[in-house]
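[1] 3D model of this:
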Amino acid sequence: MKITIPNTMQAIQLSQIGHDFCLAPAELAVPKITEQQVLVKIEYVGLGALDEKFAQIGTPCWQYPRVFGFDAVGTVVDAPKGVHPKVGTKVMWHNDISTPGVMSEYASVANYALTVLPEGIDLAIAACLPTPGMTALIALLKLQLNEGDSVFIESGHTCTGQLAIQFAKQQGLVVFTNCIAGQQELLKSLGADAVFEQGVCDLAQQIQRNYGYDGVQGVIDCTGEHTNELISLLQFCGRVSCIAGLSQLDDALLFKKAPNIGVVSLPGAWLAKSICAQQRMSFLGNMLVESLMNDSLCIHNHELISFDADSITAALKERIHTRHGVFQSIKLAQ
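    Reported below is the predicted structural model:
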């Protein structure tokens with residue numbers, strides 16, 4: 001199947017990082033592919049936590065301006081002979097942080113990191129899944145919990161938190177979480193056994209008094225802002241999965257709890273040049289797609305964003321300032 005590919009494409013570039021980050025439109029050359037890459041015509045781009053973070057702080061491996069964005073779905077339009085997936089295949093992926101991003105009409109992608117999408121899947125929803133979904137799955141895997149164990153998921157209202165709650169319940173875990181005001185009923189509908197409002201100071205006592213747990217076996221630390229308080233919820237030698245890096249830890253608390261601490265980093269799979277880790281993202285993508293297709297994964301709030309710099313900037317700033325848990329995807333013009 002021969003597909004006509006233009007020489008240039010429209011893209012959104014990050015030209016300045018910081019609280020006053022700047023996104024701007026650009027017309028760029030369509031990227032070329034290597035022998036282990038395919039060219040994808042992008043249909044939707046997910047907007048989420050990594051976009052919030054890196055628009056503000058960037059990373060040393062970037063030069064500006066650069067095409068922004070991490071998660072996308074689209075159709076393979078060019079591939080070397082014999083390389084899978086073939087032309088015409090719908091795919092989803094989490095992008096290599098060291099290469100140009102995915103807020104563009106076309107992207108060249110390592111074929112082994114792609115997840116093939118089945119017919120009938122909602123592409124706009126699928127685009128929102130790679131970063132929060134893979135992060136939630138890896139965070140739970142690092143905890144190594146067994147059916148019947150308990151886990152505390154910080155900030156359950158975030159996209160990662162919502163997905164982590166659902167995957168934790170599928171594993172048979174008892175789920176405690178906290179959230180901003182007004183999100184309690186949503187998290188209960190996703191399966192959380194108990195939901196606390198953020199800022200409660202006596203969580204450990206409340207969990208013990210009301211639910212009989214003298215500490216939980218695992219914690220997912222979503223923000224990195226209250227790591228010491230979360231470690232205090234653990235049983236001795238409990239496990240913590242840190243999604244947002246490590247804060248300054250209390251030595252006395254570490255001595256008392258002896259926690260097993262793991263760090264989750266999707267971009268690290270690319271920066272470490274670990275082919276195994278990159279292939280694993282394809283496997284995790286398959287798990288996400290399967291869950292979405294069999295209706296075991298609920299996405300309650302979803303918004304479509306226009307493919308223009310002003311709309312994307314406004315959506316990102318709203319996410320940063322409100323920390324809401326709305327799944328958002330950018331629809332590229334077809």
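[2] pull the CA atoms of stretch 151-158 into PDB?
    The C-alpha trace of stretch 151-158 is given here as PDB (Å, rounded to 0.1, in the frame of the first residue of the first chain):
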ATOM      1  CA  VAL A 151      -1.900  -0.100  49.500                       C
ATOM      2  CA  PHE A 152      -2.200   3.700  49.900                       C
ATOM      3  CA  ILE A 153      -2.300   5.600  46.600                       C
ATOM      4  CA  GLU A 154      -1.500   9.300  47.100                       C
ATOM      5  CA  SER A 155      -3.500  11.800  45.100                       C
ATOM      6  CA  GLY A 156      -5.900   9.200  43.700                       C
ATOM      7  CA  HIS A 157      -7.700  12.000  41.800                       C
ATOM      8  CA  THR A 158      -4.800  12.300  39.300                       C
END
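[3] where exactly do the strands run in the stretch 51-200 of the chain?
    Using DSSP state E, counting those that start in this stretch, the strands assigned to the stretch 51-200 of the chain run over residues 66-67, 71-78, 90-94, 106-110, 115-116, 150-153, 174-179, 194-197.
[4] Just say which of these is most tucked in.
    The highest mean neighbour count among the strands of the stretch 51-200 of the chain, using mean count of other C-beta atoms under 10 Å, belongs to strand 150-153: a mean of 28. Glycine gets a C-beta too; all of them are placed from N, C-alpha and C.
[5] Give me the helices and strands touching that one, please.
    Packing contacts for strand 150-153, counted by 3 or more C-beta pairs under 8 Å, 6 or more residues apart in numbering; DSSP states H and E, involve helix 159-170, strand 174-179, strand 216-221.
[6] Just give me how far it sits from the chain centre.
    19 Å (C-alpha atoms, centre = their mean, to the nearest Å).
[7] Low-confidence stretches in the chain?
    Scanning the chain for pLDDT under 70 picks out 1-2, 334.
[8] Output the longest helix belonging to it.
    helix 275-293 (DSSP state H).
[9] Can you list the buried residues in the very next helix or strand once past that one?
    Once the chain leaves helix 275-293, the next helix or strand it forms, by DSSP states H and E, is strand 302-306. By neighbour count with 16 or more other C-beta atoms under 10 Å, strand 302-306 contains the buried residues I305.
[10] that older thread, need the strands of the stretch 51-200 of the chain in JSON lines with distance to V216, can you?
    Conversion of the strands of the stretch 51-200 of the chain to JSON lines gives the following (distance: least, C-beta to C-beta, whole Å):
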{"stretch": "strand 66-67", "distance to V216": "41"}
{"stretch": "strand 71-78", "distance to V216": "30"}
{"stretch": "strand 90-94", "distance to V216": "29"}
{"stretch": "strand 106-110", "distance to V216": "38"}
{"stretch": "strand 115-116", "distance to V216": "32"}
{"stretch": "strand 150-153", "distance to V216": "4"}
{"stretch": "strand 174-179", "distance to V216": "6"}
{"stretch": "strand 194-197", "distance to V216": "11"}
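[11] nearest to E290, of those?
    For those, proximity to E290 was assessed by C-beta to C-beta; strand 115-116 is nearest, at 10.1 Å.
[12] Counting by contacts, list what the longest helix of the chain packs against.
    Identification of packing neighbours for helix 275-293 by 3+ C-beta pairs under 8 Å, 6+ apart yields strand 90-94, strand 115-116, helix 123-127, helix 130-143, helix 266-271.
[13] what's the closest of the helices and strands packed on strand 150-153 to T115?
    Closest among the helices and strands packed on strand 150-153, using C-beta to C-beta: helix 159-170, at 15.6 Å.
[14] Kindly state the domain boundaries assigned to the protein.
    According to automatic domain parsing, the chain comprises the domains 8-128+275-331, 132-264.
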